[in-house]
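Trainee: Got a predicted structure plus its sequence, pasted below:
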Amino acid sequence: MLKKIKNPLLFTAATIPIAFLGGLFAVMSTFPTYELTMQQEMLASAGSYGTLLFLGALQAVPITVICGFLGYIFADKIGLMRPFRFQKESLLRAAVPIVICGVLFSLDYWVFGSILPQIAEIYESQHLTTAPSFLAGILYGGVVEEVLMRLFLMSLFVFTLWKVFARKCDVEQIPQSIFIAANILAAALFAAGHLPANAGIFGTLTPTVIFRCFLLNGGPGVLFGWLYYKHGIQYAMLAHAGTHIISKIIWLVFV
C-alpha cells in the first residue's frame with residue numbers, strides 16, 4: 001500500500017512550498033487591483049495586511065495537497081501520469097502554444113482595455129508587471145492552478161466519463177472524445193473560477209466581463225489541457241507559467 005502511494009506523496013510534498021509561496025504572491029499581486037471598498041472589506045475581515053497575506057498563502061496549501069495527491073492517482077489510472085522530466089521534442093511542441101497564448105493574453109490591454117476602463121487603469125498602474133505578479137504567474141498559475149484544474153479535475157473527468165460511458169475499454173483504449181470533453185469541461189470551470197475575482201475588480205459581472213473571462217482563461221486552458229494529454233502535466237505547467245511571463249513582458253515594454 002505504501003509503495004503505491006509513495007510517488008503521489010512525494011509529488012504532493014514537493015508542491016507544498018510552491019503552493020504557499022504562490023498563494024502569498026497571488027494575494028500581493030491581486031489585492032491592489034480591487035476596488036477600494038473591496039480592499040477595505042478584505043482588510044477588515046483579516047485584521048491586517050500581513051494576516052491577509054498569510055491566510056491567502058495558507059489557503060492555497062491544503063487544496064493543492066489534496067488535489068495533487070488525488071490527481072496523481074487519477075492521472076496514473078488513466079495513463080496520463082508520465083515521468084516528470086522535460087524532453088527536447090515535447091519542449092519544441094509546447095513552445096508554439098506558449099508564445100501564442102502569451103501574445104494573445106497580452107492583447108487584453110489593447111482590445112478589452114478600450115471597452116472596460118478598469119482594465120486600462122490596472123495595466124497603466126503597473127500592478128500586473130510587479131515582481132509579485134511575475135512570481136504569482138509562475139508559481140500559482142503555472143503550478144497550483146494546473147494541479148487543481150488539469151492534474152486533478154481533468155483527470156477526474158476523464159476517469160468518470162471512462163467508467164460511465166466506456167467502462168468496457170481498457171485504459172489504452174479510452175476514446176479520445178472523452179479526453180476532449182474532459183479538457184473542455186475543466187477549462188470552462190477554470191474560467192468560471194475567475195468570475196469572483198472579476199466581480200471584485202469590475203464591481204459587477206456584465207456580459208463583456210464574462211465573455212472576456214471565459215475567452216482569456218478558458219481558451220488557454222484548453223491548450224494547457226491538450227499539452228497535459230499529449231505530453232504530461234509538466235508541459236501544461238510550463239505553458240501556463242510561460243503565458244504569464246510572455247504577456248507581462250509585453251505589457252512591461254509597451255504599456
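Mentor: Sure thing, it's come through. Numbering: from 1, shown residues only.
Trainee: ok, and what's touching stretch 243-255?
Mentor: Residues from elsewhere that reach stretch 243-255 (C-beta atoms under 8 Å, 6 or more residues apart in numbering): 98-99, 101-103, 105-106, 108-109, 123-124, 126, 128-129, 133-134, 136-138, 141-142, 220. Bear in mind the C-beta positions are built from the backbone N, C-alpha and C, glycine included.
Trainee: check which helix or strand covers Gly79.
Mentor: Counting by DSSP states H and E, Gly79 is held by no secondary-structure element, helix or strand.
Trainee: Let me fix that, I meant to ask about Phe211.
Mentor: Secondary structure assigned from DSSP H and E places Phe211 in helix 207-213.
Trainee: Can you show me the helices along the stretch 151-255 of the chain?
Mentor: 155-165, 176-192, 195-202, 207-213, 219-230, 233-254 (DSSP state H, counting those that start in this stretch).
Trainee: list the buried ones in the first one?
Mentor: Taking 16 or more other C-beta atoms under 10 Å as the basis for neighbour counts, the residues of helix 155-165 that come out buried are Ser155, Leu156, Phe157, Val158, Phe159, Leu161, Trp162.
Trainee: Same question for the shortest one.
Mentor: Judged by neighbour count (16+ other C-beta under 10 Å), helix 207-213 contains these buried residues: Val209, Arg212, Cys213.
Trainee: In this structure the second one contacts Gln118, no?
Mentor: Pointing back at Arg212 there. No. Arg212 lies out of contact with Gln118 (C-beta atoms under 8 Å); the separation is 11.2 Å.
Trainee: what about this structure, any weak spots by pLDDT?
Mentor: 1-3 (pLDDT under 70).
Trainee: Tell me which residue is most central in it.
Mentor: Glu145 (3.3 Å; C-alpha atoms, centre = their mean).
Trainee: check contacts around that one.
Mentor: By C-beta under 8 Å, 6+ apart, the contact list for Glu145 reads Phe190, His240.
Trainee: With the one 10 residues further on instead?
Mentor: Contacts were defined as C-beta under 8 Å, 6+ apart; by that measure Ser155 touches Gly71, Phe74, Ala75, Ile78, Leu80, Ala182.
Trainee: All good on my end, thank you.
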